[in-house]
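Peer 1: Whatever this is, show me its structure:
(chains A and B)
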Protein chains: 2
Amino acid sequence: MDATEFRKRGKEMIDYVADYLENLRERKPFPDVVPGYLRQMMPDEAPENPEKWEELFSDIERVIMPGVTHWQSPHFHAYYPAANSYPAIIADILSDAIGAMGFTWASNPACTELEVVILDWLGKMLDLPPNFLFSSGGTGGGVIQSTASEATVVAMLSARTMFIRKMKEDNPEQEDTAILSKLVAYCSDQAHSSVERAGQISMVKMQKLETDEKSALRGSTLSEAIERDQANGLLPFFVCATLGTTPSCAFDNIRELGPLCEKNGIWMHVDAAYAGSAFICPEFRPLLNGVEYAVSFNFNPHKWMNVNFDCSAMWVKDSHLISDAFDVDPLYLRHENQGKMPDYRHWHIPLGRRFRSLKLWFVLRLFGQKGLQDYIRKDVQLAHEFESLVRADDRFEIVAEVIMGLVCFRLKGSNKANENLLKAINDDGRLHMVPSKIKEVYFIRFAICAARTSARDIHFAWKVIKELTELNFGTKINQQS
Amino acid sequence: MDATEFRKRGKEMIDYVADYLENLRERKPFPDVVPGYLRQMMPDEAPENPEKWEELFSDIERVIMPGVTHWQSPHFHAYYPAANSYPAIIADILSDAIGAMGFTWASNPACTELEVVILDWLGKMLDLPPNFLFSSGGTGGGVIQSTASEATVVAMLSARTMFIRKMKEDNPEQEDTAILSKLVAYCSDQAHSSVERAGQISMVKMQKLETDEKSALRGSTLSEAIERDQANGLLPFFVCATLGTTPSCAFDNIRELGPLCEKNGIWMHVDAAYAGSAFICPEFRPLLNGVEYAVSFNFNPHKWMNVNFDCSAMWVKDSHLISDAFDVDPLYLRHENQGKMPDYRHWHIPLGRRFRSLKLWFVLRLFGQKGLQDYIRKDVQLAHEFESLVRADDRFEIVAEVIMGLVCFRLKGSNKANENLLKAINDDGRLHMVPSKIKEVYFIRFAICAARTSARDIHFAWKVIKELTELNFGTKINQQS
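Peer 2: Next comes the predicted model:
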């Protein structure tokens, strides 16, 4: 494909994409294909000779689209959102064209420097304590990770390194693995599966602590766990606190957890993957109080801030604690200006990295802080609107306080009835949702996901849910088992 | 930005990108900014209100471009290539628009299924043994990782899990960390820094083994290391063999290493991050012989196969060995069709994943296998052309056999003279290269990187190198210290 054809086809794709996103209500959000559908439509091998654009382009609708779960559909209410916006898409075109790796400052100074500035912008929008920012002139700063999972792994591995070094100061002959065998990390029983996985990777004990009636991890629970484990000769070294859990968007009480961690020399990592974006609104910022006790903090602009995946923003107060765990320094990556700007290769697991701050920069400038606040507020408002519809129907109940863009609801009835209802909804295909379960109570999660979701989509969703409820359960819903 | 403006601005960006890539010879590949240049050009905070597109767009040339290391410049010869092509850029626009996570089959069936088919296509192009492919109907298959670094980490962590389980079969009361303390992994002294980092993450001992005169790790060296370590009570469990090392594009002898690993129950991971793309040419495929002994194999289409970062292709013979190490299974990610198609979330560290097989699919169809072979052959030919120019000048020497698109050369003289020459080249700015060092001999790496690099760029580069040599050393080059 030469430049002339790229100009033509690239612009056709721009139009295809605008058509796709603007007309997504016409597609069912959840596909009805069966596993293996695609292989049957494809040759067994790559073509020997180049194919024509037209052949490929027509296969997008023939082969791909029938099997896509349309996360950008206004009728998609599963998981949490995957952000998507026109400015971010355009920024990614530029990032792809530059096609440069930013692993060191020298390998692409603009990539590192824009990231430094934009992560400070973003940190200020969240009103993070200044010692998390480069602009404080200290050791703090932000970095773009691929996912919150990776941020958790990076934090836990860094905490492991820090803690083992500290233990060896007092007892230098102790083996690293002997210390490792006693390390224990904590999270709530509501924490994301990636925290458990981080524990597997780090090879440390993970304790999932019980949460209160609001699904929040409280200080007293952590305190008991620390005391119990210390009494058993274990070494508590890490807490992953969640702000906006995946099951129900609950908030761990970091104002209680933080001082406990500080007192016990425990690294508190705060994972606000979904909810973090909302902290740019003053009315939600109090939920972040306590972050001043955190060693590291993370949220995903690629969830709820109009920045396409991948873009997970992480801040640390002392970047040396991370680079201590990840620094390897071969000659071919050394450069004259080491130390003056971060070499982000020491801040994460991969070496190569895309120019991802471009999409944050495009989004922040073209939405403005106010535009992004409006976006968050609109989604929260829609969630409350859906909540009102549920509450007005006495066959249903709300199972968790609606704080952000997630509504957790269920039929008043058995778990089985709710499983059946959700299956009916997803089989129907006009909406898509996923379930969760807390303390043995199964419920349905209704998340406001797509940028184009509006009040009419909320009412449409409720209409479909009621229709399928009546179709499947008639009026005997409370008696179903 | 509404759809109308997106159509306009998106198309402007398509034109900007085509202009940028087609006219890259006019820009110096290596920027002459100093650390901190960008912060001075930027406000301290994100704008309160949305800015106009024009303001943002003009800042690309004002703020970003002066600090970009232009990896796509035909005069960029540093590191290894970062692939970039028009079909891949267009595919990424589509991927961004769909904006769907493919962590489970259900979360985006098309994403998982296209990846399954395309990784089989690609595996067949490399003539991988069938047990690495889904189409064999066994437990093997391919997955897209973000980077080769991550593939190495995933392989090493999986090997760690497998080995510890195996040890516990004989001795169930043994503690995991006690086994861990004895695990030892091997790579050559030429292996990428990411292998060492994988060892840090896995908390295992890493032995960097000495290479032969061609910088290759040989069976006899590994054999001695295994015997020595076993005699010391250690447990060899993992070898990372490299095909196409970063310093000099050397090839470990996997036909010797493989049987040794098999005999000793050691997981052999083959990292062909750069060179792997060349194995689609029959004349280079013999370098991959021995891969039949590998448990896992990886190469980066995002280096040398026209697919934009990130796209690191990894195959395993038994995917359960990976999912054993990474499987966590919360309710909100469960779906009806588990087990019929891979749930790729069990195959890597992150949970979220982009629809990256699209760009592989676009590239394979629009280049065709022959087009990609031609691309590889062109670069290897250019490398040999540069080699001839170097060999024809008796002030210079070639320090490693030129096999692929990398030429390692140096002035006949001291390391210091070569450091000075490289500094002169990079300060001059018309070219960009990085150094390496093997057995205390410092040399300059000249890699064929950009898609548009042609014979005239090779001759231009040699002209500049000669000019700077004469300017800096006159005719007394052999006497310089």
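Peer 1: who are the neighbours in contact with A:D44?
Peer 2: A:D44 makes contact with B:120-121, B:124, B:135 under the criterion CB atoms under 8 Å, 6 or more residues apart in numbering or on different chains. Using the backbone N, CA and C atoms, a C-beta is placed for each residue, glycine as well.
Peer 1: go again using 10 Å as the cut-off
Peer 2: B:117, B:120-121, B:124, B:135 (CB atoms under 10 Å, 6 or more residues apart in numbering or on different chains).
Peer 1: Going along the chain, name the strands of the stretch 251-400 of chain A.
Peer 2: A:267-271, A:296-299, A:312-316, A:396-398 (DSSP state E, counting those that start in this stretch).
Peer 1: What pairs with the third one, parallel or antiparallel?
Peer 2: Meaning strand A:312-316. Counting by DSSP bridges, the strands paired with strand A:312-316 are strand A:141-145 (antiparallel), strand A:296-299 (antiparallel).
Peer 1: Pretty sure A:T4 sits against B:A18.
Peer 2: Yes. Taking CB atoms under 10 Å as the definition, A:T4 is a contact partner of B:A18 at 8.3 Å.
Peer 1: longest helix of chain A?
Peer 2: Longest among the helix segments of chain A by residue count, using DSSP state H, is helix A:357-391.
Peer 1: Now do the residue lying closest to A:G244 once chain neighbours are set aside, the pLDDT please.
Peer 2: With CB to CB, 6 or more residues apart in numbering or on different chains as the criterion, A:G244 has its nearest non-adjacent residue at 2.7 Å, and that residue is A:A275. For A:A275, the pLDDT comes out at 98.
Peer 1: For the stretch 51-200 of chain A, give me the ranges with low pLDDT.
Peer 2: Under the criterion pLDDT under 70, no range of the stretch 51-200 of chain A is flagged.
Peer 1: quick revisit: out of the strands paired with strand A:312-316, flag the one nearest B:L351.
Peer 2: Closest to B:L351 of the strands paired with strand A:312-316 is strand A:141-145 (CB to CB; 12.4 Å).
Peer 1: Pull the number of nearby residues for A:M101.
Peer 2: If you count neighbours by other CB atoms under 10 Å in any protein chain shown, A:M101 ends up with 24.
Peer 1: how about it, secondary structure?
Peer 2: What DSSP: H, G, I helix; E, B strand; the rest coil gives for A:M101 is coil.
Peer 1: quick one, what contacts it?
Peer 2: A:107-108, A:111, A:345, A:350-355, B:69, B:71, B:79-80, B:82, B:147, B:302, B:309-310.
Peer 1: the helices in the stretch 1-150 of chain A, which residues?
Peer 2: A:3-22, A:53-59, A:86-98, A:109-125, A:148-170 (DSSP state H, counting those that start in this stretch).
Peer 1: Export those helices as CSV, with columns for distance to A:V34 and mean neighbour count.
Peer 2: Formatted as CSV, the helices of the stretch 1-150 of chain A follow (distance: least, CB to CB, whole Å; neighbours: other CB atoms under 10 Å in any protein chain shown):
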stretch, distance to A:V34, mean neighbour count
helix A:3-22, 24, 18
helix A:53-59, 19, 15
helix A:86-98, 31, 25
helix A:109-125, 42, 25
helix A:148-170, 29, 22
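Peer 1: I'd like to know which of these is closest to B:L234.
Peer 2: It is, among the helices of the stretch 1-150 of chain A and with distance given as CB to CB, helix A:148-170, at 20.0 Å.
Peer 1: between the closest one and strand A:267-271, what angle do the directions make?
Peer 2: If you take axes from the mean of the first three to the mean of the last three CA atoms, to 10 degrees, helix A:148-170 sits at 180 degrees to strand A:267-271.
Peer 1: Is there proximity between helix A:148-170 and chain B?
Peer 2: Yes. Counting by CB under 10 Å from any CB of the partner chain, chain B has neighbours in helix A:148-170: A:148-150, A:152-154, A:157, A:160-161, A:164.
Peer 1: How about stretch A:185-202?
Peer 2: Yes. Stretch A:185-202 reaches chain B (CB under 10 Å from any CB) through A:191-202.
Peer 1: Looking at the residues you listed, state which has the most neighbours.
Peer 2: Most surrounded of those: other CB under 10 Å gives A:A198, at 29 neighbours.
Peer 1: what's near enough to touch that residue?
Peer 2: Contacts of A:A198 (CB under 10 Å, 6+ apart): A:149-157, A:185, A:187, A:191-192, A:204, A:206, A:238, A:240, A:269, B:328, B:349.
Peer 1: check which helix or strand covers it.
Peer 2: helix A:193-202 (DSSP states H and E).
Peer 1: what's the most distant pair in the contacts of A:D44?
Peer 2: B:V117 and B:K124 (10.8 Å).
Peer 1: Any figure for the gap between the nearest residue to A:E292 once chain neighbours are set aside and A:V295?
Peer 2: Leaving out its chain neighbours, the residue that sits closest to A:E292 by CB to CB, 6+ apart is A:P129, at 4.8 Å. The spacing between A:P129 and A:V295, counted by CB to CB, to the nearest Å, is 12 Å.
Peer 1: Please identify which of the two sits among more neighbours.
Peer 2: Between A:P129 and A:V295, counting by other CB under 10 Å, A:V295 is the more crowded of the two (24 against 18).
Peer 1: Name all residues that make contact with the closest residue to the more buried one other than its chain neighbours.
Peer 2: Among residues not flanking A:V295 along the chain, A:W267 sits closest, at 4.6 Å (CB to CB, 6+ apart). If a contact means CB under 10 Å, 6+ apart, then A:W267 has A:155-156, A:158-160, A:162-163, A:185, A:236-240, A:261, A:294-296, A:321 as its contacts.
Peer 1: how far away is A:W267 from A:F299?
Peer 2: In this structure, A:W267 and A:F299 are 18 Å apart, going by CB to CB.
Peer 1: which neighbours do A:P129 and A:V295 share?
Peer 2: A:315, A:317.
Peer 1: Neighbours of A:K412, how many?
Peer 2: For A:K412, the count of nearby residues is 14 (other CB under 10 Å).
Peer 1: surely it meets A:R395?
Peer 2: Yes. Using CB under 10 Å, A:K412 is in contact with A:R395, at 6.2 Å.
Peer 1: mind listing what the nearest residue to A:S223 once chain neighbours are set aside touches?
Peer 2: Nearest residue to A:S223, sequence neighbours excluded (CB to CB, 6+ apart): A:L260, at 5.7 Å. Contacts for A:L260 (CB under 10 Å, 6+ apart) come out as A:219-220, A:222-223, A:225-226, A:236, A:239, A:266, A:268, A:293.
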